[in-house]
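>>> my questions concern the predicted model and sequence given below.
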Amino acid sequence: MAKHLLKLMDLSRQEITEILDLADKLKYEKKNGIEHHILKGKTLGMIFQKSSTRTRVSFEVGMYDLGGSALFLSSRDLQIGRGEPVEDTARVLSGYLDGIMIRTFEQKEVEALAEYGSIPIINGLTDYCHPCQVLADLQTFREFKGSFEGKKMCYIGDGNNMANSLIVGGIKMGMKVSVACPEGYEPDKEIMEWAKANGEFVCTDNILEAAKDSDVVYTDVWASMGQENEMAERKKIFEGYQINDEVMSVTKPDAMVQHCLPAHREEEITAKVFEAHANEIFAEAENRLHAQKAVLVKLLG
Ligand code: CP
Ligand code: NVA
């Protein structure tokens, strides 16, 4: 197992499977009141440069469940927010903590923490990727559908962090992956090339073609954190890139719908489709806890 979780590309199919298996086990134990204080006495620092509901609460509760503790470190309060280099922050925090989860803008900041620090670093979302979310997404898909091989994953919307991680996760697990996004908003070029070379991958601007016969359809907000001032422009560009009844009429009849949340109803997904699939979407949100606990055990245990 790698020392850090910086991006999904760094994990093999075998390592992802081991994380998912452990996540299922920890979920079972939690549901049945079986204590698992595997990280007794360990402390996780959680650096947030962006807002969060799920990531913050699930990591904090996760550390508590594992017998350890977690510190919420807002960049508003840290010296990092006043310009202290991440390279120095990494070396200082390595002397206090057993691991760091960081949510920030640039992927290279997460990579720098890992390079300069001496403790495991977990990426809790960058503009480039969201590996923790996609581990929970894979756990949820397997829970509902049993297996990955040959199943079709479709993503509709902005080709940014969620799309990038879903493509890598889906292809690594043997799924067919299709992405529908407007021209100019495609996922990362290198990831798309890798996906084409390593599996069945299509990127199109035709959402019905992308959704056809899929087993699961994912979407995400049209304007991500940090893009709030582009909202009006993006609403025009992404109009039509929505999960609605028409999209669901071309998927497999029993297709799942997933959303990393927060969701904007009547933008990337209709309220009707959202509510019809709410049990799957909130199972996905819950699995953040279980999947991340598995990551914590693998990296900090
Ligand atoms: N999906 C997700 O990462 O949610 P938060 O932004 O609330 O952490
Ligand atoms: N793409 C979204 C994901 C939120 C979990 C964002 O970066 O804001």
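Arrived safely. Ligands and ions are numbered 1, 2, ... in the order given.

>>> contacting residues around the residue of the stretch 151-300 of the chain found nearest ligand 1?
With C-beta to the nearest ligand atom, the shortest gap between the stretch 151-300 of the chain and ligand 1 falls at Cys260, namely 3.9 Å. Just so you know, the C-beta spots here come from the backbone N, C-alpha and C atoms, and that holds for glycine as well. Taking C-beta atoms under 8 Å, 6 or more residues apart in numbering, we find Cys260 in contact with 130, 133, 137, 162, 218, 220, 284.

>>> for it, which non-adjacent residue is closest in space?
Gln133 (5.0 Å; C-beta to C-beta, 6 or more residues apart in numbering).

>>> next SSE after the host helix or strand of the one you found?
Per DSSP states H and E: Gln133 is located in helix 131-145. Remark: after helix 131-145, the chain's next helix or strand is strand 152-156, criterion DSSP H and E.

>>> partner strands of that following strand, with direction?
Strand pairing for strand 152-156, determined by DSSP bridges: strand 176-180 (parallel), strand 216-219 (parallel).

>>> OK, contacts around Val216?
Contacts of Val216 by C-beta under 8 Å, 6+ apart are 141, 145, 151-154, 255-258.

>>> and for the residue nearest to it when sequence neighbours are not counted, the neighbour number?
Leaving aside its sequence neighbours, Val216 sits nearest to Met256 (C-beta to C-beta, 6+ apart; 4.4 Å). Other residues near Met256 come to 22 when the count uses other C-beta atoms under 10 Å.

>>> which residues of the stretch 151-300 of the chain fall in helices?
161-172, 189-198, 207-211, 231-237, 245-248, 271-276, 278-300 (DSSP state H, counting those that start in this stretch).

>>> and those helices: which comes nearest Ala114?
helix 278-300 (11.2 Å; C-beta to C-beta).

>>> who are the packing partners of the closest one?
Applying 3 or more C-beta pairs under 8 Å, 6 or more residues apart in numbering; DSSP states H and E, we find helix 278-300 packed against helix 13-31, helix 54-65, strand 99-103, strand 121-123, helix 131-145, strand 256-259.
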